[in-house]
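> quick one: sequence and predicted model below, then my questions.
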Amino acid sequence: MAMAMAMTMLFSLLLVRAAKAADDSGAETEAEALLRWKSTLIDATNSLSSWSIANSTCSWIGVTCDAAGHVTELDLPGADINGTLDALYSAAFENLTTIDLSHNNLDGAIPANICMLRTLTILDLSSNYLVGVIPINISMLIALTVLDLSGNNLAGAIPANISMLHTLTFLDLSSNNLTGAIPYQLSKLPRLAHLGLGDNHLTNPEYAMFFTPMPFLEFLSLSRHFTVFAFLKWHRSNGSR
Ligand SMILES: *[C@@H]1O[C@H](CO)[C@@H](O)[C@H](O)[C@H]1NC(C)=O
Ligand SMILES: *[C@@H]1O[C@H](CO)[C@@H](O)[C@H](O)[C@H]1NC(C)=O
Ligand SMILES: *[C@@H]1O[C@H](CO)[C@@H](O)[C@H](O)[C@H]1NC(C)=O
Ligand SMILES: *[C@@H]1O[C@H](CO)[C@@H](O)[C@H](O)[C@H]1NC(C)=O
Ligand SMILES: *[C@@H]1O[C@H](CO)[C@@H](O)[C@H](O)[C@H]1NC(C)=O
Ligand SMILES: *[C@@H]1O[C@H](CO)[C@@H](O)[C@H](O)[C@H]1NC(C)=O
């Protein structure tokens, strides 16, 4: 019995080895990357119990794959996860377009290497306990349409380089501890429909945004006392032309 079990284990080990060897240069796979990140987390309610090599990666909770079996989405909102984002980055994620880790207990800083996930279109880290500054390199995520960092404890200034993210439609940095002036460059984001900056400690909330028209803007919140909802677009479509 014990002998049979030992043989089975040895055989599985060899299989894993063989699979790895077949997987070219020994580079980390997406499954290995996700498990490496999981090993740094506290998953008190076992939200990630399906994350095991016994299950196929594409069946793991919160993981979506494309037809080729590559991970395209990581959606774990409200999964009661504690830990940091430090071990999340991997070069294995070549097709990852969505990260939604909102409403968890993530703390620590947003690692600058998140900027290497160049295929991301949605990055939602809202309602966690993230600290530190918004890394300037986030402006290298040039495919982003949604960037939601609201409801954390991020400090420092809003990097003007965020204005390099020309495809952004949704930018929410509200309810943090951000300071300094709102960079006027944000008003140059051509597709922005939602801009939330309220509930921070920014110095020029009421004036910053009106240098250039923002044709798609439907929601604008700059401070606790200054929220415009669906007004600007209405105004433009009804105003003099
Ligand atoms: C996947 O993991 C879960 C939780 O550990 C387990 O209950 C389930 O049987 C596994 N599914 C497969 C197909 O192995
Ligand atoms: C996944 O990424 C690789 C590397 O960039 C690329 O060659 C491949 O076409 C992508 N797959 C899809 C379905 O986009
Ligand atoms: C997870 O983080 C929350 C918020 O910081 C905290 O209240 C809770 O005790 C943490 N849970 C564990 C298991 O560490
Ligand atoms: C951040 O951007 C700078 C300048 O573009 C670059 O030198 C640096 O390597 C980047 N950091 C990471 C982690 O990609
Ligand atoms: C930030 O913007 C400046 C000026 O546009 C540019 O020179 C610099 O490379 C940008 N840095 C990053 C990390 O994108
Ligand atoms: C906000 O940032 C300031 C420094 O800019 C710091 O003194 C303060 O403790 C921070 N507040 C919170 C709630 O972290």
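Arrived safely. Ligands and ions are numbered 1, 2, ... in the order given.

> from here on, just use CA atoms for contacts and neighbour counts.
OK.

> might you enumerate the residues of this structure proximal to ligand 4?
112-113, 115-116, 137 (C-alpha under 6 Å from any ligand atom).

> can you do 8 Å?
Residues of the chain found near ligand 4 (C-alpha under 8 Å from any ligand atom) are 111-116, 136-137, 140.

> next up, the contacts around residue 128.
By C-alpha atoms under 8 Å, 6 or more residues apart in numbering, residue 128 lies in contact with 102-107, 151-152.

> in this protein, what residue comes closest to ligand 6?
residue 177 (4.9 Å; C-alpha to the nearest ligand atom).

> burial measure for that residue, as a count.
20 (other C-alpha atoms under 10 Å).

> who does it bridge with?
Note on residue 177: beta-bridge partners by DSSP bridges are residue 155.

> tell me how far it lies from residue 34.
30 Å (C-alpha to C-alpha, to the nearest Å).

> ok, back up a step: how close does the residue of the chain closest to ligand 6 get to residue 197?
From residue 177 over to residue 197 (counting by C-alpha to C-alpha), the distance is 10 Å.

> which residues sit in contact with the residue of the chain closest to ligand 6?
Counting by C-alpha under 8 Å, 6+ apart, the residues that residue 177 touches are 153-156, 199-201.

> can you tell me which of these has the most neighbours?
Counting by other C-alpha under 10 Å, top hit in these: residue 154 with 26 neighbours.

> for that one, what are phi and psi?
phi -70, psi 140 (degrees, to the nearest 10).

> measure stretch 139-153 end to end?
End to end - C-alpha to C-alpha - stretch 139-153 spans 20 Å.

> name the SS class of residue 35, please.
helix (DSSP: H, G, I helix; E, B strand; the rest coil).

> I'd assumed residue 48 was in contact with it.
No - the criterion here is C-alpha atoms under 8 Å, and residue 35 misses it with residue 48 at 9.8 Å.

> can you count the residues close to residue 121?
Neighbour number of residue 121 under other C-alpha under 10 Å is 20.

> ok, now which ones touch the spatially closest residue to it that is not a sequence neighbour?
Once flanking residues are discounted, residue 121 sits nearest to residue 144: 3.9 Å by C-alpha to C-alpha, 6 or more residues apart in numbering. Counting by C-alpha under 8 Å, 6+ apart, residue 144 makes contact with 120-123, 165, 167-168.
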